[in-house]
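Q: Have a look at this prediction, sequence included:
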Amino acid sequence: MSNQLEKAIEAFRRGIPVLIYDEAGRENEIDYVIHASMVTTERIYEMRTLAGGLICYAMPQPAGRIVGLRYGYEIISTIPELAPLASKTLGYGDKPAFSLWVNSIRVKTGIRDSDRATTIRELDKVLTMIIHGNTREARNYFQSNFVAPGHVPILLGRRLNERKGHTELSLHLAILAGMTPSTVIVEMLSKGDALSIEDARRVSREKGYPLIEGNEIIDRVEKLGEDLYCRYNLC
């Protein structure tokens, strides 16, 4: 394991954000990533002011299926008038990881920093129930404690041999850190474009947030030679 990846894993365990760069040939973007259980109002504020992209909650796709979640493009493709919209992909080629957008029933409007932090922590509770094998409880809790549409997009992560986006990279980083695959990710932006890798390095130095390349995570997972989702009975 690379020294930088070790630093990122240790930071992630402590609730320190990690910056993940996918690659120049894909989105060519850096995402700010933390574990969902450690989200606070202050972290959401930093995500939208320092990073600036779309703040999303991520869980493995097999976990989402247990509570009835589907990819957004699967849902849209069932509506004849909208199906053509779901048949296309963007330049980097992958089908999007988006599922539903939700709010916790405990929030005021859903968009405030405190509201989004609450919704994300509630989603983390659902994932924890699933991981512990309490699937019926997880389904009941999800149906009773959330409304849709809302202000927090849920992303469903595939395996790294199927898709190598920030959704999948963040979830596998969490597993490498010995934590549940339950993350919050947000793209880092500059005026009019994605934040450059040079500016991301500056943020990393100033804030003390480790910056790693997605290939470091991919290489480590490949060396392990196993489906890491299976560690949580999500094969």
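A: It's in.

Q: any idea whether residue 156 is helix, strand or coil?
A: strand (DSSP: H, G, I helix; E, B strand; the rest coil).

Q: Would you enumerate the residues in contact with it?
A: By CB atoms under 8 Å, 6 or more residues apart in numbering, the contact set of residue 156 is 58-61, 64, 69, 71, 97, 99, 167. Yep, even glycine has a C-beta here, placed from its N, CA and C like the rest.

Q: repeat for residue 157
A: Applying CB under 8 Å, 6+ apart to residue 157 gives the contacts 58-61, 97, 163, 167-168, 170-171, 181.

Q: Check it and give its pLDDT.
A: If you check residue 157, the pLDDT there is 98.

Q: who touches residue 184 in this structure?
A: 33-36, 39, 43, 47, 55-58, 120.

Q: now do 6 Å
A: Under the criterion of CB atoms under 6 Å, 6 or more residues apart in numbering, the neighbours of residue 184 are 34, 36, 39, 57, 120.

Q: where does the fourth one fall, phi/psi-wise?
A: Translated: residue 57. For residue 57, the backbone dihedrals are phi -100, psi 140 (criterion: degrees, to the nearest 10).

Q: same thing with the last one?
A: Dihedral pair for residue 120: phi -70, psi -40, per degrees, to the nearest 10.

Q: tell me, how many neighbours does it end up with?
A: 27 (other CB atoms under 10 Å).

Q: Would you confirm that it contacts residue 39?
A: Yes: Residue 120 is within contact range of residue 39, at 4.7 Å (criterion: CB atoms under 6 Å).

Q: Got phi/psi on the most centrally placed residue in the chain?
A: When CA atoms, centre = their mean is applied to the chain, the residue found nearest the centroid is residue 58 (3.3 Å). Its backbone dihedrals place residue 58 at phi -120, psi 140, with angles given as degrees, to the nearest 10.

Q: measure it to residue 105 for me?
A: 21 Å (CB to CB, to the nearest Å).

Q: and if you look at residue 50?
A: For residue 50, the distance to residue 105 under the criterion CB to CB works out to 29 Å.

Q: So between those two, which is more surrounded?
A: Higher neighbour count among residue 50 and residue 105: residue 50, with 16 against 13, using other CB under 10 Å.

Q: In terms of pLDDT, where does that one sit?
A: At residue 50, the predicted lDDT confidence score is 97.

Q: And for the one 3 residues further on?
A: According to the per-residue confidence, residue 53 scores 97 in pLDDT.

Q: so where's this protein shaky on pLDDT?
A: Residues of the chain that meet the criterion pLDDT under 70 lie in 1-2.

Q: For it, which segments are assigned as helices?
A: 3-13, 41-46, 61-66, 72-76, 113-131, 135-145, 166-176, 197-207, 214-224 (DSSP state H).

Q: Not counting its neighbours along the chain, what's nearest the residue nearest to the centre of the chain?
A: By the measure of CB to CB, 6 or more residues apart in numbering, the closest residue to residue 58 outside its immediate chain neighbours is residue 155, 4.2 Å from it.

Q: swap in residue 124?
A: Closest to residue 124 by CB to CB, 6+ apart is residue 36, at 4.0 Å.

Q: Does residue 13 touch residue 175 like I think?
A: No: with contacts defined as CB under 6 Å, residue 13 does not count as touching residue 175, sitting 11.9 Å away.

Q: which of the two has more neighbours?
A: Using other CB under 10 Å as the criterion, residue 13 and residue 175 rank with residue 175 on top: 18 against 14.
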